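Asks: next come a sequence and a model predicted from it.
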Amino acid sequence: MASPPKKILLVCLGNICRSPMAEGLLREMAKQRGLRIRTDSAGTGDSHIGQAPDPRAQTEMRRHGIRISDLRARQFTRADFERFDLLLAMDQHNLRDMQRLAPSPELAAKARLMLDWSSDRKGGDVPDPWYGGSEGFGPVHNMLREALETLLDELEHAG
Ligand code: 4NP
């Protein structure tokens with residue numbers, strides 16, 4: 001049987017809202033379970049390279065005791081298909097943009113939708129909270145946490 005993914009990349013458009021929130025959650029949740037997982041995040045776009053997560057994302061995560069202020073945005077590259085075992089796109093658009101860069105169909109298959117691990121939103125998009133006020137960040141946190149719990153259950157049981 002194939003060994004379970006241990007290096008996981010979270011991907012959105014800007015790498016300042018959804019994917020750093022997902023990275024912070026995965027980092028913390030894996031640690032609490034004693035699972036050794038290497039995490040990183042990236043954006044398909046180049047508008048926010050080098051920036052810390054959006055203050056609204058940082059505030060939401062701080063409400064849950066998770067600090068993400070150390071993270072810095074970078075752009076997704078085709079080399080990420082080689083570096084990571086699993087590449088989780090926050091929405092369909094991100095997934096298409098990633099797959100366009102895939103060096104081979106085998107490597108393209110490493111890219112999946114984050115909400116494929118959701119119980120009630122399979123195949124759906126994590127909504128982009130950037131354009132609204134701060135109200136979109138709580139729901140994003142909740143759906144990320146729920147999907148990541150399921151993913152971590154899977155990884156744990158895969159040994
Ligand atoms: P993210 O949110 O993809 O969740 O980081 C966005 C951040 C910035 C922009 C769009 C979405 N933007 O258009 O600059």
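Replies: Looks like it arrived, so ask away.
Asks: any idea of the mean pLDDT for stretch 139-155?
Replies: This predicted structure assigns stretch 139-155 an average pLDDT of 97.
Asks: right, I mislabeled it, should have said stretch 62-71
Replies: Predicted confidence along stretch 62-71 averages 98 (mean pLDDT).
Asks: so which bits of that stretch are buried?
Replies: Of the residues in stretch 62-71, those scored as buried under the neighbour-count criterion (16 or more other C-beta atoms under 10 Å) are Ile66, Ile68, Leu71. C-beta: built from backbone N, CA, C; applies to glycine.
Asks: again, but for stretch 80-87
Replies: Neighbour-count burial for stretch 80-87 flags Asp80, Phe81, Phe84, Leu86, Leu87 (criterion: 16+ other C-beta under 10 Å).
Asks: now the residues you listed in JSON lines, with secondary structure?
Replies: Supplementary listing: the buried residues of stretch 80-87 in JSON lines, determined by DSSP: H, G, I helix; E, B strand; the rest coil:
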{"residue": "Asp80", "secondary structure": "helix"}
{"residue": "Phe81", "secondary structure": "helix"}
{"residue": "Phe84", "secondary structure": "coil"}
{"residue": "Leu86", "secondary structure": "strand"}
{"residue": "Leu87", "secondary structure": "strand"}
